[in-house]
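Undergrad: Based on what follows, work out the 3D shape:
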Amino acid sequence: MTHNRYSRQILFDGIGQDGQEKINRKSALIIGMGALGTHLAEGLVRAGIGKLHIVDRDYIEYSNLQRQTLFTEDDARQQMPKVIAAKSALQAIREDVEIVTYIDHVDGVFLNELVAQVDIILDATDNFETRMMINDVAFARQKPWVYGGVVRSTYVEAAFIPGQTPCFQCLIPQIPAMNLTCDTVGVIQPAVTMTTSLQLRDALKILTETPIEPKLTYGDIWDGSHYVFGFGRMQRKACTTCGEHPEYPYLNHTATQYAAMCGRDTVQYQHEGLTYEQLVEYLTTRHIAYHSNGYLLQFEYDGYRIVAFQNGRLLIHGMKEVKQAKKLIHQLFG
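TA: Just a heads-up that it's a prediction; the model follows:
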């Protein structure tokens, strides 16, 4: 480690030498390696995080490059998995950081096993159900997590600490509606940067064990609006996550076999018994041409572009309905 690498951060009163040493010793999990995830990963690596776990189910496309800052045109040409390209870029920034990658779809069981290994969870997802799983797992495992949402030019952020703050579920009625996605209505880079700046601020406070006042921040970077309010008194006794009798209803949710990806014209299909080698043999036998980059392979069937990962997960592009996907998979595999 270069002696003065973190000198400017150490000079900051809020961190100092003691805080820097804590950051260097700790680990973080980032769920999602898109716009928010790439910004968060780079920020934590530059800040000196000791170990970083990153998970994402997708690969890089040209439309990602406008806001997902760790990726290049070459990554898009090669259709590299996001976590693989991110790891390469992050270790070019800092060789001594330990990065563990997961090319996978997140469910409650997956998170429950992984969260035990980290000190903090950062949300870089784009859907409500995953955030509810994060919330349940975080409070069940007593791990702090930082929520962030961005769409169009709007941003929203809050940190949740089990035993100190209400949970995400308690706050839902007060969170601005974020039911649109970047794939349907777009997003601009300044809104991403604003969201992750707030998330990184709270992450650094948590990593350095600095007290946090529970606050929700939201606004619109385009029109200049910005609001902050406290939510320390919003905990509900009947809350199924942080109330008097928690049940953690999302904790044991597992990935469904079929899932439509919102705004993507894509259906995901999970075939746990299908290995990469079996798929290659199957396509070869049926004389179906495919292209592989070592992490995923791509082929066309019945006019649809299909991307297959090594864990038996397939993305069927150009399709919106699960029932269409079921018919196609039946035709393909019987």
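Undergrad: From here on, just use CA atoms for contacts and neighbour counts.
TA: Will do.
Undergrad: residue ranges for the strands of the protein, please.
TA: When assigned using DSSP state E, the strands of the chain occupy the ranges 27-31, 51-56, 98-103, 120-123, 145-151, 154-160, 215-220, 225-230, 258-261, 266-270, 290-292, 296-301, 304-309, 313-317.
Undergrad: Adding mean pLDDT, write those out as a markdown table.
TA: As requested, these are exported to a markdown table (pLDDT from 0 to 100):
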| stretch | mean pLDDT |
| --- | --- |
| strand 27-31 | 98 |
| strand 51-56 | 97 |
| strand 98-103 | 97 |
| strand 120-123 | 98 |
| strand 145-151 | 95 |
| strand 154-160 | 96 |
| strand 215-220 | 96 |
| strand 225-230 | 96 |
| strand 258-261 | 82 |
| strand 266-270 | 90 |
| strand 290-292 | 93 |
| strand 296-301 | 93 |
| strand 304-309 | 94 |
| strand 313-317 | 93 |
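Undergrad: got JSON lines for these, with distance to A325 and mean neighbour count too?
TA: Listed next are those as JSON lines, based on distance: least, C-alpha to C-alpha, whole Å; neighbours: other C-alpha atoms under 10 Å:
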{"stretch": "strand 27-31", "distance to A325": "26", "mean neighbour count": "24"}
{"stretch": "strand 51-56", "distance to A325": "22", "mean neighbour count": "22"}
{"stretch": "strand 98-103", "distance to A325": "22", "mean neighbour count": "17"}
{"stretch": "strand 120-123", "distance to A325": "29", "mean neighbour count": "24"}
{"stretch": "strand 145-151", "distance to A325": "28", "mean neighbour count": "26"}
{"stretch": "strand 154-160", "distance to A325": "34", "mean neighbour count": "25"}
{"stretch": "strand 215-220", "distance to A325": "38", "mean neighbour count": "20"}
{"stretch": "strand 225-230", "distance to A325": "43", "mean neighbour count": "12"}
{"stretch": "strand 258-261", "distance to A325": "8", "mean neighbour count": "18"}
{"stretch": "strand 266-270", "distance to A325": "7", "mean neighbour count": "22"}
{"stretch": "strand 290-292", "distance to A325": "19", "mean neighbour count": "13"}
{"stretch": "strand 296-301", "distance to A325": "12", "mean neighbour count": "16"}
{"stretch": "strand 304-309", "distance to A325": "10", "mean neighbour count": "19"}
{"stretch": "strand 313-317", "distance to A325": "7", "mean neighbour count": "23"}
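Undergrad: With distance to M133 as extra columns, can I get those in JSON lines?
TA: Output for those, formatted as JSON lines (distance: least, C-alpha to C-alpha, whole Å):
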{"stretch": "strand 27-31", "distance to M133": "11"}
{"stretch": "strand 51-56", "distance to M133": "15"}
{"stretch": "strand 98-103", "distance to M133": "17"}
{"stretch": "strand 120-123", "distance to M133": "11"}
{"stretch": "strand 145-151", "distance to M133": "12"}
{"stretch": "strand 154-160", "distance to M133": "14"}
{"stretch": "strand 215-220", "distance to M133": "20"}
{"stretch": "strand 225-230", "distance to M133": "23"}
{"stretch": "strand 258-261", "distance to M133": "16"}
{"stretch": "strand 266-270", "distance to M133": "19"}
{"stretch": "strand 290-292", "distance to M133": "33"}
{"stretch": "strand 296-301", "distance to M133": "27"}
{"stretch": "strand 304-309", "distance to M133": "23"}
{"stretch": "strand 313-317", "distance to M133": "20"}
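Undergrad: ok, I288 touching F299?
TA: Yes - taking contact to mean C-alpha atoms under 8 Å, the distance of 7.3 Å between I288 and F299 places them in contact.
Undergrad: hang on, the earlier thing: which one of the strands of the chain lies nearest to Q20?
TA: Proximity to Q20, assessed across the strands of the chain by C-alpha to C-alpha, is greatest for strand 27-31 (13.1 Å).
Undergrad: What angle do strand 145-151 and the closest one make with each other?
TA: Counting by axes from the mean of the first three to the mean of the last three C-alpha atoms, to 10 degrees, strand 27-31 lies at 30 degrees to strand 145-151.
Undergrad: which residues touch strand 27-31?
TA: Strand 27-31 is touched from outside by 37, 40-41, 49-56, 115, 117-125, with contacts defined as C-alpha atoms under 8 Å, 6 or more residues apart in numbering.
Undergrad: switch the cut-off to 6 Å
TA: Strand 27-31 is touched from outside by 50-55, 118-124, with contacts defined as C-alpha atoms under 6 Å, 6 or more residues apart in numbering.
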